[in-house]
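**Student:** I'll drop the sequence and a predicted model, then ask my questions.
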Amino acid sequence: MSKTSGGPKSREPQLSDEPPSSASRSRRRTRPFKTALARVTRQAGAPQPLGQPGVRYLGCDVHAATITVAIAEPTGEVHLYGTISTTAEAVRKLLTKLGADGVPLAVVYEAGPCGYWLWRLITTLGIPCTVIAPNLIPRAASARVKTDTRDALQLARLARLGELIAVWVPEARDEALRDLIRAREDAAGDRTRARHRLSKFLLRHGVGRPAGVQAWTDRHHHWLCHHVEREPAFAHAAAKLTLHEYVT
């Protein structure tokens with residue numbers, strides 16, 4: 001009986017004769033844009049450190065219409081301040097009021113759908129602001145109920161203890177590049193889904209493109225716009241209207 005070697009087995013690369021899918025082609029086309037964005041991202045500086053003594057920390061639970069604010073004084077209990085509107089004017093008024101006694105301020109809030117405009121506003125006022133990674137916030141196993149008040153109090157308390165992990169905040173130009181990449185990917189995905197809906201609609205009615213006409217070319221588009229509606233399957237006005245909506 002022959003003994004097999006216990007070393008790692010080399011695997012031959014598996015080649016496929018199938019053409020790459022539209023999803024893989026889309027990822028390949030957007031890779032240079034993502035590489036450029038990652039190159040810019042690595043140039044970011046370190047976030048503002050937390051847990052500094054003598055600092056009044058403001059924990060903010062930010063939503064589209066309101067911001068719930070909690071305050072962790074340099075010494076003493078953490079208490080709830082209240083709720084303000086999510087506007088630049090309300091934020092300026094809050095920071096001016098809380099910083100009137102000369103105690104240094106620092107603001108923390110969770111990263112979310114509201115973006116980074118609040119961070120840019122606060123930092124332009126000369127106040128340190130840190131955006132926190134929500135999935136890395138320490139939470140007790142029993143703390144299953146989340147409210148705006150509890151989240152704000154927890155942010156302020158953990159900021160004073162220095163137990164929060166910050167995320168990198170992109171500059172305005174970097175965020176614009178990120179939005180451009182996302183918009184392009186969204187548009188490519190919408191186009192693919194629209195083509196699939198049209199193809200399945202024609203398939204349900206037994207209509208296939210003529211021989212020699214490649215899909216989604218100029219000839220294919222001309223055939224869709226000027227010849228498909230003459231098929232018997234689209235004799236009814238509702239069917240023609242549906243075809244027109246899918247094509248356009």
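**Tutor:** Thanks, I have the structure now. Numbering: from 1, shown residues only.

**Student:** gap between the two ends of stretch 106-124?
**Tutor:** For stretch 106-124, the first and last residues are 13 Å from each other (CA to CA, to the nearest Å).

**Student:** could I get the buried residue list for it?
**Tutor:** The neighbour-count check on stretch 106-124 (16 or more other CB atoms under 10 Å) flags Ala106, Val107, Val108, Tyr109, Glu110, Ala111, Tyr116, Leu118, Trp119, Leu121, Ile122 as buried. Where you see a C-beta, it was placed from the backbone N, CA and C, and this is true even at glycine.

**Student:** how about these in JSON lines, adding distance to Phe201?
**Tutor:** As requested, the buried residues of stretch 106-124 are exported to JSON lines (distance: CB to CB, whole Å):
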{"residue": "Ala106", "distance to Phe201": "57"}
{"residue": "Val107", "distance to Phe201": "52"}
{"residue": "Val108", "distance to Phe201": "51"}
{"residue": "Tyr109", "distance to Phe201": "46"}
{"residue": "Glu110", "distance to Phe201": "43"}
{"residue": "Ala111", "distance to Phe201": "41"}
{"residue": "Tyr116", "distance to Phe201": "42"}
{"residue": "Leu118", "distance to Phe201": "45"}
{"residue": "Trp119", "distance to Phe201": "46"}
{"residue": "Leu121", "distance to Phe201": "48"}
{"residue": "Ile122", "distance to Phe201": "51"}
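
**Student:** show me where the chain has its strands.
**Tutor:** Counting by DSSP state E, the chain has these strands, from start to end: 56-62, 66-72, 78-85, 105-110, 129-132.

**Student:** gap between the most centrally placed residue in the chain and Ile84?
**Tutor:** The centroid of the chain falls nearest to Pro113 when counting by CA atoms, centre = their mean (7.4 Å). For Pro113, the distance to Ile84 (CB to CB, to the nearest Å) stands at 19 Å.

**Student:** same thing with Pro232?
**Tutor:** To Ile84, Pro232 is 65 Å away according to CB to CB.

**Student:** over to His220?
**Tutor:** Between His220 and Ile84 the distance is 56 Å, computed by CB to CB.

**Student:** and for Leu164?
**Tutor:** Here Leu164 is placed at a distance of 21 Å from Ile84 (CB to CB).

**Student:** can you check Gly162 too?
**Tutor:** Distance of Gly162 to Ile84, given as CB to CB: 26 Å.

**Student:** so between the two, which is more surrounded?
**Tutor:** The residue with more neighbours, out of Gly162 and Ile84 and counting by other CB atoms under 10 Å, is Ile84; that gives 16 against 11.

**Student:** mind giving me the domain split of this protein?
**Tutor:** Each structural domain of the chain that the record assigns through automatic domain parsing is listed here as a residue range: 56-161, 172-247.

**Student:** please identify the deepest-packed of the ones you listed.
**Tutor:** Between the domains of the chain, the one whose residues have the most neighbours on average, counting mean count of other CB atoms under 10 Å, is domain 56-161 (a mean of 16).

**Student:** now that domain: mean pLDDT?
**Tutor:** The predicted model assigns domain 56-161 a mean pLDDT of 93.

**Student:** what's the span of it from first residue to last?
**Tutor:** The first-to-last residue distance of domain 56-161 comes to 12 Å (CA to CA).

**Student:** chain center to that domain, what's the gap?
**Tutor:** Centroid displacement of domain 56-161 relative to its chain, using CA atoms, centre = their mean, to the nearest Å, is 21 Å.

**Student:** same thing with stretch 187-194?
**Tutor:** With CA atoms, centre = their mean, you get 19 Å for stretch 187-194.

**Student:** in JSON lines: the domains of the chain, plus distance to Leu50.
**Tutor:** Converted to JSON lines, these look like this (distance: least, CB to CB, whole Å):
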{"stretch": "domain 56-161", "distance to Leu50": "5"}
{"stretch": "domain 172-247", "distance to Leu50": "23"}
